[in-house]
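*Asks:* Okay, predicted coordinates and the sequence, questions at the end:
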Amino acid sequence: MSTVPLLLDGQWTHPPAQSFGPVHNPCTGEIIAEVPMCGGAEVDAAVQSAQRAYASWSKTPVYDRVAVLFKYRQLLDEHFDELSRLIVRENGKTLEEARGDMRRGLEVADFACSIGETAKGEYLPELAAGIDAHTSREPIGVCAGITPFNFPAMVPMWMYPVAIACGNTFVLKPSEKVPLTANRLAELFLEAGLPEGVFNVVHGGREVVDALCGHPGIAAISFVGSTGVARHVYTEACKHGKRVQSAGGAKNVLLVLPDAELDATLQAILSSAYGCAGQRCMAGSLLMGVGHGDQLREQVVEAMNGLALGDTYDDPSAQMGPVIDDAARDRLFTSIADAEAEGLALARDGREGVPDAGFFVGPTLIDQVEPDSDIFREELFGPVLSMLHPETLDEAIAWFNQLPFGNAATLFTQDGNAARRFAREVECGMIGINLGVPAPVALFPFSGWDESFFGDLHVQGKEGVMFYTRQKTVLSRW
Ligand code: NAD
């Protein structure tokens, strides 16, 4: 059984870990590697390595930093299929979904290549008589990233390419469930010529996270994961004076008006709710059909029945893979059983007809959900869609706005006025009109609200650059 190494000071090392966690192939349940559950000592070693490297990397001219990023971008392209296969192996999503995971990450690396333009300051002559002013954006120091299992490439790449392009050094703590992709991404960065210590990787769980939040050598923390942990990281890291962006969970709505274009809408619902086995923070988890709900439910169930569940690593015809581990599968089965016990109608029950091996949950649709049902408010994070039947657009918006989360909401319609009203009145940070997954990609911020995000500056786009830099203002009189 191979054990997963850490990256410290440009060297792959095996720490004297007290314990190890399993890395699964979720399609079979087989353990494919063991990941060391590190603690404060390894975090300290990683931060010291990053601090040493910061002294020279922060002063490296922008063209030299970008040259490494261009080379990295090229290596990621050359290894695109290998990396995508690795994502499938440890996460279980389909190869096409894994390619999407890689593509979204690559777009951030592309964006980071333009750092000379995006991190430029401003200049104003004659701010006062004989006085000129300019601002510059400076790196902030050692930054840390803590990431979830569901996008093994994209979410880490929301963070480190931009942070490093800005002149910072970085410590990544990937999800202990998918450490292999993170290590390969780091290996290629070294191959691209990144100096030792600029990028470090430490594996583990809560102990590593808490050590990062409290470490005095870290200036900023980027977190993505579930809301409870996002709040914990935000509170702890802020308490220790760090800059924090902390993205949490979600409960996203797919709202369908009677005039929606049927085929495209069904496709979008299916891919939003069941793509990546529902394990996307942008996954639609509440389906609302205004006016024609029963008909819509039947059409969705018919389309769901056509989804082929299978071993995404070995069977290219599989359209939907497993969830990440047995704990996730058991939790989802319990939620479905609880909904049934509450008297909700199972229009399709994903506990039935799933493969014996691996961690499979079939596509599930729970009907007649009301805004006071537990399942309406809780993030399930799996292929379980809840259906509600509001009478009007206004009622649907009011129901959605009761939710504590604020990630995404989509409306399917051909009515421009309804679309405009929806976009104006829905209280969340990412809105889709006739789009199942309105993810903003690299050029725009991934802008969750409320319990879906703690902090001010989001990942991606200009906000990402602002997060990883601090501003200096110089006034001069000569
Ligand atoms: P998670 O919260 O369990 O884990 C995320 C990270 O936190 C991991 O690195 C993990 O090791 C660490 N962690 C877990 N428990 C911890 C604890 N008690 N204390 C300190 N650290 C801890 O999340 P997950 O299951 O890996 O990922 C799924 C979640 O991530 C979902 O809630 C999903 O909505 C969310 N997510 C959000 C976004 C977004 O942009 N808002 C994007 C992707 C995923």
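*Replies:* Right, received. Where do you want to start? As the structure is a prediction and not an experimental result, all values here were calculated from the model. Residues are numbered from 1 along each chain as shown.
*Asks:* The spatially most central residue of the chain: which element?
*Replies:* Central residue of the chain (C-alpha atoms, centre = their mean): residue 155, 4.5 Å from the mean position. In this structure, residue 155 sits in helix 154-165 according to DSSP states H and E.
*Asks:* which ones are touching the residue nearest to the centre of the chain?
*Replies:* 147-148, 224 (C-beta atoms under 8 Å, 6 or more residues apart in numbering). C-beta here means a position set from N, CA and C on the backbone, and glycine is covered the same way.
*Asks:* quick revisit: skip ahead from the helix holding residue 155 and say which helix or strand is next.
*Replies:* That would be, after helix 154-165 and using DSSP H and E, strand 169-173.
*Asks:* Now do that next one: everything it contacts.
*Replies:* Contacts of strand 169-173 (C-beta under 8 Å, 6+ apart): 43, 46-47, 50-51, 53-54, 57-58, 141-147, 156, 159-160, 163-164, 182, 186, 197-204, 208-209, 212, 218.
*Asks:* Are any of those residues buried, and if so which?
*Replies:* 43, 46-47, 50, 53-54, 57-58, 141-147, 156, 159-160, 163-164, 182, 186, 197-204, 208-209, 212, 218 (16 or more other C-beta atoms under 10 Å).
*Asks:* which of those are close to the ligand?
*Replies:* With C-beta under 6 Å from any ligand atom as the criterion, these include 146-147, 209 near the ligand.
*Asks:* export those residues to CSV and tack on distance to residue 289 and secondary structure?
*Replies:* Shown next, in CSV, are those (distance: C-beta to C-beta, whole Å; DSSP: H, G, I helix; E, B strand; the rest coil):
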residue, distance to residue 289, secondary structure
146, 38, strand
147, 35, coil
209, 40, helix
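*Asks:* Check these against the ligand and report the nearest one.
*Replies:* residue 209 (3.5 Å; C-beta to the nearest ligand atom).
*Asks:* My guess is that closest one contacts residue 233. True?
*Replies:* Yes. At 6.5 Å, residue 209 and residue 233 qualify as touching, with contact defined as C-beta atoms under 8 Å.
*Asks:* Now for the two: what residues contact both?
*Replies:* residue 146.
*Asks:* wait, which of the contacts of residue 155 is closest to residue 378?
*Replies:* Nearest to residue 378 out of those is residue 148 (C-beta to C-beta; 17.3 Å).
*Asks:* Return the backbone torsion pair for that closest one.
*Replies:* Dihedral pair for residue 148: phi -90, psi 180, per degrees, to the nearest 10.
*Asks:* What ranges in the stretch 201-350 of the chain fall below the confidence cut-off?
*Replies:* Residues of the stretch 201-350 of the chain meeting the criterion pLDDT under 70: none.
*Asks:* Pull the contacting residues for the residue in it positioned nearest to the ligand.
*Replies:* Using C-beta to the nearest ligand atom, residue 225 is the residue of the stretch 201-350 of the chain that sits closest to the ligand, at 2.7 Å. Shown in contact with residue 225 (C-beta under 8 Å, 6+ apart): 146-148, 175, 233, 247-248.
*Asks:* Any of the residues you listed buried? List them.
*Replies:* Buried, going by 16+ other C-beta under 10 Å: 146-148, 175, 233, 247-248, out of these.
*Asks:* Which two among these are spaced furthest apart?
*Replies:* 175 and 248 (14.8 Å).
*Asks:* what comes into contact with stretch 37-55?
*Replies:* 6, 8-10, 15, 17-21, 139, 141-142, 168-171, 176, 195-198, 200-205, 207-208, 211-212, 215, 217-218.
*Asks:* Apply 6 Å and report the result again.
*Replies:* With contacts defined as C-beta atoms under 6 Å, 6 or more residues apart in numbering, stretch 37-55 is touched by 8-9, 15, 19, 21, 142, 169, 171, 197-198, 200, 202-205, 207-208, 211-212, 215, 217.
*Asks:* and it, how far from the chain's centre?
*Replies:* When C-alpha coordinates are averaged (C-alpha atoms, centre = their mean, to the nearest Å), stretch 37-55 and its chain have centres 24 Å apart.
*Asks:* now do stretch 85-95
*Replies:* On C-alpha atoms, centre = their mean, the centre of stretch 85-95 falls 16 Å from the chain's centre.
*Asks:* Show me what counts as buried in that stretch.
*Replies:* Neighbour-count burial for stretch 85-95 [16+ other C-beta under 10 Å]: 86-95.
*Asks:* can you put the contacts of residue 225 in CSV and add distance to residue 357?
*Replies:* Listed next are the contacts of residue 225 as CSV, based on distance: C-beta to C-beta, whole Å:
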residue, distance to residue 357
146, 31
147, 28
148, 25
175, 23
233, 35
247, 33
248, 32
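*Asks:* and this protein, which residues reach the ligand?
*Replies:* Applying C-beta under 6 Å from any ligand atom, we find that the chain lies next to the ligand at 146-151, 155, 173, 175-176, 205-206, 209, 224-226, 229, 232, 247-250, 281, 379, 381, 407, 446, 448, 452.
*Asks:* so which helix or strand takes in residue 72?
*Replies:* Going by DSSP H and E, residue 72 is in helix 62-78.
*Asks:* what's the spacing between that helix and its chain's center?
*Replies:* That offset, for helix 62-78, works out to 23 Å (C-alpha atoms, centre = their mean).
*Asks:* Outside of it itself, which residues are in contact with it?
*Replies:* Taking C-beta under 6 Å, 6+ apart as the rule, helix 62-78 contacts 106, 109, 112-113, 116, 165, 188-189, 191-194.
*Asks:* got CSV for the residues you listed, with secondary structure too?
*Replies:* Listed next are these as CSV, based on DSSP: H, G, I helix; E, B strand; the rest coil:
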residue, secondary structure
106, helix
109, helix
112, helix
113, helix
116, helix
165, helix
188, helix
189, helix
191, helix
192, coil
193, coil
194, coil
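*Asks:* which one of these sits closest to residue 329?
*Replies:* Within the contacts of helix 62-78, distances to residue 329 taken as C-beta to C-beta reach their minimum at residue 106, with 30.9 Å.
*Asks:* and the closest one, what does it touch?
*Replies:* Residue 106 neighbours (C-beta under 6 Å, 6+ apart): residue 76.
*Asks:* again, but for residue 13
*Replies:* With C-beta under 6 Å, 6+ apart as the criterion, the residues that contact residue 13 are 5-6.
*Asks:* next one: residue 434
*Replies:* By C-beta under 6 Å, 6+ apart, the neighbours of residue 434 are residue 412.
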